[in-house]
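Student: sequence first, then the predicted structure:
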Amino acid sequence: MDKLDKRRYIQTVTEQIRCKRALPLVTKELEDHIEDQKSDYMAEGMNPSEAEEAAVREMGDPVEVGIEMDRIHRPKMAWKMIGLITVLNLVGILLMYCLRTSALADAGNNQGDVEWIASGMGGNIDYLKSIAWTFAGMACMIGICYVDYSWIGKYAKQLAGIWIVAMGLGIFMGAVYINGAVYGIPFLFGRALPLRPLLYLIVPLYAAILYSMRSKKTGYIGIAKAVLWQVLPIWFVLRIPNLSMAVSVEFTFLILLSIAVWKGWFEVNKKGTLITIWSLVILLPAAGMMLLFKMGYVRGYQTARLSAFIHTEGNDTGTFWGTIRNMVSGAHLTGRGDYDKIWFFNRDYMLAFIIHYYGILAAVLVIAVIGAVLIWFLQKAGHQKNQLGMIMGTGCVVVLFTQFIGYAVENLGYFPLSNNYCPFLTAGGSGIMISYMMFGILLSIYRYQNVLVETEVKKKIGI
C-alpha cells in the first residue's frame, strides 16, 4: 500500500460509502481509531509523523475497509418484520370473520338477534374495506419507513406548531361529529378524515422536542417548558371528547419526560424531579376529573357507561357488560365456554369472543404474539445509540402498548368501553392507521440505526 496520510486514507474509504448520510459517522469512527492508535505508537517513542503513518497502515487497504463499512453503514429494511405485521393484521381480519360467523350461528332462528349481530354494536363489518385499510396502512408504514426520522428531530418545534394549528382548526372549525363527539375533519368527496391517527402523531413530535432540549441544559425552566408543550394536545383530546385517549397520551408524555430527566438532559436533581412528576400524576387526575365533571365536559353517555360498569349488580345477561363478563367467567382453557346467550358481536371485543369460542389458551397465545412484537420494537428502540431514535421509538411503542393493555383489560371486563384499539385485532380504519403510522416510525428508526449514531451529551455537573 502506498504511503497515505490520515486525510487521504479517510477520503479513499469514504468514497466507497454509498449512503452519504453515514459519512459523518464513518469519518468520526476512522479518525478516532487512527488517533487512538497514533497515541499508542507515540507512547512507544515514535514521532507524530511516523506514528500516524503506522496507524494508517495498520487500518488495512482503504478500498476494502470502505466496502466493508459501506455494507455495515447503510439503511437496512426489516422486511421480515414488515411481512409479519401485514400477515398478523390479515389474520386478525380472518379471525374476526370466524368469530362473527360463530355468533351468527348461535343466534340460530332468532331473527332479531341475527339482525342485531349483523348490523348493531360493531357487527356491521365490511371485510373488503378492512382489507383495503390494511393495505393502505401498509403502504403508509413503508412510506414512513423510507423517511429519515432525523428530519423530524431537526424541525420538531416547527412541525409541532403546524400540528397545533391544524388540529385546532380541525376541531373548532368544521369538525364532523358522530354521536356528539368529534370524529374527523372534512376531506375529499364528502368524506371525513379521522382525527385520532393525526392526534397521536404529537407523541413522536413531543419526543423530538425533548431531544431538542438535550444539549441546552435548561434546568427546571426546561422541565416547565416541556410540561407546557403537553397542555394544548391534551386539551384538544379532551375537547373531542376522549378521556381514555387523553390519559394514554399524557401517560406517554410523562414516560418520555421521565426518560429525558433520567438521561440528564435538563441538569436537574433526577430523583427529586421524578418523584415530584409522578406524585402529581396521582393527584392531578382526580382533580382533573372533578373539574371535567364540573365544567360539563363529561357527556351523559360517558357517565352512564361508568355507572353501569361500577354497579355490576345491574349487569344481567341482557346488558352489554353482563354479557362480556359472563362470556369471560364461563370460559374454559380450550374450546367453547359455557355461556350461550350471545345477542351481539362487537369488533372492539374480539379478545372476549376468542376467550368464549376458542378458550383461554387461545387468548393467551394471541396476547403473547402481539406482546412479543411490541417488546421486539421496544428493545430495538431502547438500544438505539442515537438518542433521537431512542426517545421517538420509545414514545411510539408506549402508545401501542397502552392501547393494547387497555384493550385487553376492557375485554376481560375490568374497564369500561373507552375506544382503545389493539394492533392486529382492530377492524376500524382509524386504529389500523394509528398502528401502521407508529410501526412506520419505528421501522424508520430501525432502518437508519447503523447510519445515524451519536454519543451521549456529557453532563456539565454531577447530579
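Tutor: Done, it's in. Numbering: from 1, shown residues only.
Student: which stretches of the stretch 151-300 of the chain form helices?
Tutor: Assigned by DSSP state H, counting those that start in this stretch, the stretch 151-300 of the chain shows helices spanning 156-172, 196-200, 202-212, 219-239, 243-262, 270-295, 300-310.
Student: report the rounded mean pLDDT for the longest helix belonging to the chain.
Tutor: Counting by DSSP state H, the longest helix found in the chain is helix 79-107. Helix 79-107 carries an average pLDDT of 84.
Student: what is it packed up against?
Tutor: Applying 3 or more Cβ pairs under 8 Å, 6 or more residues apart in numbering; DSSP states H and E, we find helix 79-107 packed against helix 111-119, helix 127-145, helix 350-358, helix 360-382, helix 429-447. For glycine as for every other residue, the C-beta is placed from the backbone atoms N, C-alpha and C.
Student: now for the last one, which elements pack on it?
Tutor: By that I understand helix 429-447. helix 79-107, helix 127-145, strand 192-194, helix 196-200, helix 360-382, helix 387-411.
Student: can you list the neighbours in contact with the longest strand seen in the chain?
Tutor: Longest strand of the chain, by residue count under DSSP state E: strand 181-186. Here strand 181-186 makes contact (Cβ atoms under 8 Å, 6 or more residues apart in numbering) with 170-171, 174-177, 192-195, 239-242, 299.
Student: OK, contacts around the spatially most central residue of the chain?
Tutor: In the chain, the centroid-proximal residue (Cα atoms, centre = their mean) is C396; its distance is 2.2 Å. Under the criterion of Cβ under 8 Å, 6+ apart, the neighbours of C396 are 203-204, 377, 381, 438-439, 441-442.
Student: hmm, try it at 6 Å
Tutor: Applying Cβ atoms under 6 Å, 6 or more residues apart in numbering, we find C396 in contact with 204, 438, 441-442.
Student: what do you get for V26?
Tutor: Applying Cβ under 6 Å, 6+ apart to V26 gives the contacts 14, 17, 69, 73.
Student: hmm, which two among the contacts of strand 181-186 are most spread apart?
Tutor: Put simply, by Cβ to Cβ the two of those set farthest apart are L193 and R299, 22.9 Å from each other.
Student: relative orientation of the longest helix of the chain and helix 429-447 in degrees?
Tutor: Using axes from the mean of the first three to the mean of the last three Cα atoms, to 10 degrees, one finds that helix 79-107 and helix 429-447 are set 160 degrees apart in direction.
Student: so which bits of helix 79-107 are buried?
Tutor: 81-82, 85-86, 88-90, 92-93, 95-96, 99-100, 102-104, 106-107 (16 or more other Cβ atoms under 10 Å).
Student: how big is the angle separating it from helix 127-145?
Tutor: Per the same axes, to 10 degrees, the angle that helix 79-107 makes with helix 127-145 is 160 degrees.
Student: who does the longest strand of the chain pair up with?
Tutor: strand 176-178 (antiparallel), strand 192-194 (antiparallel) (DSSP bridges).
Student: report how many residues lie close to V281.
Tutor: The local packing of V281 (other Cβ atoms under 10 Å) involves 13 other residues.
Student: so how far is V227 from it?
Tutor: 12 Å (Cβ to Cβ, to the nearest Å).
Student: how about H33?
Tutor: Using Cβ to Cβ, we find H33 at a distance of 42 Å from V227.
Student: one more: G143?
Tutor: 33 Å.
Student: and what of Y407?
Tutor: For Y407, the distance to V227 - Cβ to Cβ - is 28 Å.
Student: now swap in G264 and tell me
Tutor: G264 sits 18 Å away from V227, going by Cβ to Cβ.
Student: out of the two, which sits in the busier spot?
Tutor: Using other Cβ under 10 Å as the criterion, G264 and V227 rank with G264 on top: 19 against 14.
Student: can you list the domain ranges for the chain.
Tutor: Domains of the chain are assigned by automatic domain parsing as 6-72, 79-447.
Student: can you give me the end-to-end distance of the longest one?
Tutor: Meaning domain 79-447. In domain 79-447, first residue to last residue: 10 Å (Cα to Cα, to the nearest Å).
Student: the shortest one too?
Tutor: Chord length of domain 6-72, first to last residue, is 21 Å (Cα to Cα).
Student: so for it, mean pLDDT?
Tutor: Domain 6-72 shows a mean pLDDT of 82.
Student: where in the stretch 251-400 of the chain is pLDDT low?
Tutor: Applying pLDDT under 70 to the stretch 251-400 of the chain flags the ranges 284-319.
Student: got the contact list for whichever strand or helix holds Q11?
Tutor: For Q11, the element it lies in under DSSP states H and E is helix 6-14. Residues from elsewhere that reach helix 6-14 (Cβ under 6 Å, 6+ apart): 23, 26-27, 30, 34, 52, 56, 62, 65-66.
Student: quick one: which two of these are the most distant?
Tutor: Across these, no pair lies farther apart than L23 and E52, at 21.3 Å, counting by Cβ to Cβ.
Student: okay, the two: which has more neighbours?
Tutor: Taking other Cβ under 10 Å, L23 and E52 do not tie; E52 has more neighbours (21 against 16).
Student: doesn't the more buried one fall inside a helix?
Tutor: Yes. Under DSSP: H, G, I helix; E, B strand; the rest coil, E52 sits within a helix.
Student: surely it is in contact with K38?
Tutor: Yes. Using Cβ atoms under 6 Å, E52 is in contact with K38, at 5.1 Å.
Student: coming back round to it: next, format the helices of the stretch 151-300 of the chain as CSV and append distance to K6.
Tutor: Shown next, in CSV, are the helices of the stretch 151-300 of the chain (distance: least, Cβ to Cβ, whole Å):
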stretch, distance to K6
helix 156-172, 36
helix 196-200, 48
helix 202-212, 32
helix 219-239, 39
helix 243-262, 37
helix 270-295, 40
helix 300-310, 67
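Student: just say which of those is most tucked in.
Tutor: helix 202-212 (a mean of 25; mean count of other Cβ atoms under 10 Å).
Student: against which helices or strands is that helix packed?
Tutor: Helix 202-212 is packed against helix 150-154, helix 156-172, helix 243-262, helix 387-411, with contacts defined by 3 or more Cβ pairs under 6 Å, 6 or more residues apart in numbering; DSSP states H and E.
Student: nearest to L128, out of those?
Tutor: With respect to L128, and counting by Cβ to Cβ, the nearest of those is helix 387-411 at 24.0 Å.
Student: excluding chain neighbours, what is closest to I17?
Tutor: D70 (5.0 Å; Cβ to Cβ, 6 or more residues apart in numbering).
Student: that neighbour belongs to a helix?
Tutor: Yes. Assigned with three-state DSSP, D70 falls within a helix.
Student: any idea how far T14 is from it?
Tutor: To T14, D70 is 9 Å away according to Cβ to Cβ.
Student: what's the local residue count around Y446?
Tutor: Residue neighbour count, defined by other Cβ under 10 Å, stands at 23 for Y446.
Student: I misspoke; the intended subject was M213.
Tutor: By the criterion of other Cβ under 10 Å, M213 has 19 neighbours.
Student: which helix or which strand is home to T323?
Tutor: Using DSSP H and E, T323 maps to helix 320-329.
Student: burial of S329, as a residue count?
Tutor: Neighbours of S329 (other Cβ under 10 Å): 13.
Student: next up, the contacts around it.
Tutor: By Cβ under 6 Å, 6+ apart, S329 has no neighbours at all.
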